[in-house]
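Student: model the structure of this input:
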Amino acid sequence: MSVPTQPRYQRIKDYILSGIRDRQFLPGSKIPPELELARQFGVSRMTVNKAVRDLAEAGILLRFAGDGTYVAERKAESPLLDINNIAAEIEARGHSHSAEVHVLEAMPANEEVALRLGVKVDSMVYHSLIVHFEDEVAIQLEDRYVNPAFAPEYLLQDYTRRTPNDYLMHSSPLTDIEHSVEAILPSALEQRLLQLSASEPCLLVLRRTWSHKKLVSFARLTHPGLRYKLRSQTRVKK
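Tutor: Residues are numbered from 1 along each chain as shown. Now for the predicted structure:
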């Protein structure tokens, strides 16, 4: 029984994808011209064009008439309707996660935090402020408030080694979430921690989480708009 021959254009696609994966072709850099790839693989330019066109349609390459074809700058992506561990998301993309903890403290709740977290004003809550990095690029500022009654060891964790999401999912398993998303310009603090200019837009996710009808945490998740996107997929019942 003969083995089906791989289409010639697929070999070129695999070569380009391998080069991106191995960082031979970096984001924002040019790939070899179509004529050069045609000579290298001994195929027609039409065959190369199909491979490049398929990758461009998938958002992996960007083509510019008269200039050439570039590797697209890939935005980090998270599902909007689920809560995933950001470290696991980054590692699933084949990248490296790291975090800087700027605040980890107990504090009295102000009016906004008390309202969002369902506690009395001035009652003690836990507060963390953490920047998450993907390959040393800041992609999220996590400003989180937690009800100590449902996460008593929150302040004892090393959040450079595990994320707040990971701890909370183990201490108070998630049952309900509430999201809102808006576009904002970064504050002075967000500019400094996320390494942004004052005019660079951000995506702000306001998120509250419950565990068995108990309101556990409220978080402001700020993402640089040019480095991040949120995705939602809903299955329609037939």
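
Student: could you point out which element follows the helix or strand bottoming out on mean pLDDT in the chain?
Tutor: Ranked by mean pLDDT, DSSP states H and E, the weakest helix or strand in the chain is strand 76-79, scoring a mean of 52. Scanning forward in sequence from strand 76-79 by DSSP states H and E, the next helix or strand is helix 86-92.

Student: just the helices from the chain, written as ranges.
Tutor: Assigned by DSSP state H, the helices in the chain fall at 8-21, 34-41, 45-57, 86-92, 111-117, 164-171, 188-194.

Student: what's the neighbour count on the residue nearest to residue 87 when sequence neighbours are not counted?
Tutor: Distances taken as Cβ to Cβ, 6 or more residues apart in numbering place residue 97 nearest to residue 87, at 4.1 Å, with adjacent residues excluded. To be clear about C-beta, it is placed using only N, CA and C from the backbone, and glycine gets the same treatment. By the measure other Cβ atoms under 10 Å, the count of residues near residue 97 is 18.

Student: same question for the one 5 residues further on.
Tutor: When neighbours are counted by other Cβ under 10 Å, residue 102 registers 14.

Student: got it, and the one 4 residues further on?
Tutor: Number of residues near residue 106 (other Cβ under 10 Å) recorded here: 12.

Student: so where's the chain shaky on pLDDT?
Tutor: Residue ranges of the chain with pLDDT under 70: 1-5, 58, 73-84, 92, 227-238.

Student: from residue 111, how far off is the nearest residue to residue 108 once chain neighbours are set aside?
Tutor: Using Cβ to Cβ, 6+ apart and skipping residues adjacent in sequence, the residue nearest residue 108 is residue 122, 4.4 Å away. From residue 122 across to residue 111, the span is 10 Å (Cβ to Cβ, to the nearest Å).

Student: can you tell me how far residue 191 is from residue 224?
Tutor: 10 Å.

Student: nope, residue 182 is what I meant
Tutor: Separation of residue 182 from residue 224 (Cβ to Cβ): 15 Å.

Student: more neighbours, the two?
Tutor: More neighbours surround residue 224 than the other of residue 182 and residue 224, with 22 against 9 (other Cβ under 10 Å).

Student: for the more buried one, give me its contacts.
Tutor: Residues near residue 224 by Cβ atoms under 8 Å, 6 or more residues apart in numbering: 138-139, 194, 196, 200, 202.

Student: the residues you listed: which two are farthest apart?
Tutor: 139 and 200 (13.0 Å; Cβ to Cβ).

Student: looking at the two, which one has more neighbours?
Tutor: residue 139 (23 against 16).

Student: shouldn't the more buried one be in contact with residue 133?
Tutor: Yes - counting by Cβ atoms under 8 Å, residue 139 touches residue 133, with 6.8 Å between them.
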